[in-house]
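>>> okay, here's the prediction I keep looking at, along with the sequence it came from:
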Amino acid sequence: MHVRDAVEDDAADFRWIARSSLRAAYGDAVSPKAIDAGVEELYSDDRVAECISDPTHRFFVAEVGDDPVGFVDCRVAAQAEEGTVQWVHVDPDRWEEGVGDALLEEAEACLFDRGVDRIEGTALAENRDLVAFYEGHGYVAGTDRETTIGDESFTERSYLKFPPGEDPHLVETRETEVGTLYVALDDHKVGSKADFYAAYHDQDRESRYGFYCNNCGSVDTAMDAMGRVECNNCSNSAKPTRWDAAYL
């Protein structure tokens with residue numbers, strides 16, 4: 001098995017690997033229709049081509065011989081502070097063969113080489129195999145949040161990993177226009193320009209303030225009933241909550 005950079009022609013293989021992986025991991029919890037729709041949206045030819053040309057995005061493909069058997073989708077935040085492992089998909093026939101391990105390690109090496117301070121992955125809490133996967137690779141469990149798949153609600157858990165030798169720190173102090181606040185690195189929404197972090201009055205995260213915009217440093221933000229967040233200072237915006245998780 002070897003791992004290589006993705007090319008645009010990998011899009012069709014991404015779709016069948018992702019579809020097979022998701023159905024095997026969540027076939028009892030998520031309908032085939034919802035899985036198929038998500039796969040077509042995330043790995044259309046156009047989107048894969050766009051991501052490959054985007055310097056903040058990287059795809060790596062695992063092959064056995066000339067056959068793709070898995071891939072990882074990762075990105076670097078605009079400020080190069082946080083890297084995200086958005087998806088790890090492996091052909092179910094190749095589970096337990098170390099393919100997911102090799103892909104995650106390649107993604108981590110790439111992201112840490114880019115200078116990120118931390119890497120985040122996410123998992124539905126009920127996927128115990130994926131939870132064990134992250135924990136086995138040294139990730140620290142962060143916060144739980146609700147996410148919607150189709151018409152159903154699920155608990156999604158964030159996992160963070162820091163560079164070797166650094167102690168985990170899930171809360172950072174930020175000076176804002178309303179004074180000192182504490183932002184939760186493990187609780188955020190992906191924005192159009194940068195991520196939004198949950199902001200608190202206290203380090204123990206007992207008194208919530210709102211959202212901190214990591215693009216301009218403002219906490220002048222607003223969220224609507226659908227979960228859309230927008231910064232009133234720089235127009236950074238986050239879409240409604242959608243399903244973003246990773247699979248072995």
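It's in. Residues are numbered from 1 along each chain as shown.
>>> going forward, measure contacts between C-alpha atoms and count neighbours the same way
Fine.
>>> quick one: contacts of the host helix or strand of Asp46?
Assigned by DSSP states H and E, Asp46 belongs to helix 45-53. Residues from elsewhere that reach helix 45-53 (CA atoms under 8 Å, 6 or more residues apart in numbering): 6-8, 11-12, 41-42, 57-59.
>>> which SS class is the closest residue to His57 other than its chain neighbours?
Distance criterion CA to CA, 6 or more residues apart in numbering; nearest residue to His57, sequence neighbours excluded, is Arg75 at 4.3 Å. The three-state assignment at Arg75 reads strand, by DSSP: H, G, I helix; E, B strand; the rest coil.
>>> sorry, back to before: turn the contacts of helix 45-53 into TSV, columns for distance to Arg128 and secondary structure.
Output for these, formatted as TSV (distance: CA to CA, whole Å; DSSP: H, G, I helix; E, B strand; the rest coil):
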residue	distance to Arg128	secondary structure
Ala6	29	coil
Val7	32	coil
Glu8	33	helix
Ala11	28	helix
Ala12	29	helix
Glu41	26	helix
Leu42	24	helix
His57	27	strand
Arg58	26	strand
Phe59	25	strand
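>>> and the spatially most central residue of the chain, its phi and psi?
Among the residues of the chain, the one closest to the centroid is Gln86, at 3.4 Å (CA atoms, centre = their mean). Backbone torsions of Gln86, given as degrees, to the nearest 10, read phi -80, psi -40.
>>> the least confident helix or strand in the chain by mean pLDDT pairs with which strands?
Lowest by mean pLDDT, DSSP states H and E among the helices and strands of the chain is strand 140-149, with a mean of 72. Taking DSSP bridges as the criterion, strand 140-149 sits next to strand 152-161 (antiparallel) in its sheet.
>>> Leu181 reaches Asp204, doesn't it?
No - using CA atoms under 8 Å as the test, Leu181 is too far from Asp204 to be in contact (11.3 Å).
>>> more neighbours: which of those two?
Neighbours per residue, other CA atoms under 10 Å: of Leu181 and Asp204, the larger number sits with Leu181, 24 against 10.
>>> who are the contact partners of that one?
Neighbours of Leu181 in contact, by CA under 8 Å, 6+ apart: 173-175, 199-202.
>>> how about 10 Å then?
Contacts for Leu181 were tallied using CA atoms under 10 Å, 6 or more residues apart in numbering; they are 171-175, 198-203, 208-210, 212, 219.
>>> go on, Glu106?
Glu106 touches 3-4, 59-61, 72, 100, counting by CA under 10 Å, 6+ apart.
>>> buried ones in the helix or strand harbouring it, by neighbour count?
According to DSSP H and E, Glu106 maps onto helix 99-113. Of all the residues in helix 99-113, those buried under the rule 16 or more other CA atoms under 10 Å are 99-104, 106-108, 110-112.
>>> next helix or strand past that helix?
strand 118-124.
>>> same for that next one, what does it pack against?
strand 67-76, strand 82-90, helix 99-113, helix 128-136, strand 140-149, strand 152-161, strand 179-189 (3 or more CA pairs under 10 Å, 6 or more residues apart in numbering; DSSP states H and E).
>>> what angle do the first one and helix 99-113 make?
If I follow you right, that is strand 67-76. Taking axes from the mean of the first three to the mean of the last three CA atoms, to 10 degrees, strand 67-76 and helix 99-113 form an angle of 30 degrees between their directions.
>>> parallel or antiparallel, which strands does strand 67-76 pair with?
strand 57-64 (antiparallel), strand 82-90 (antiparallel).
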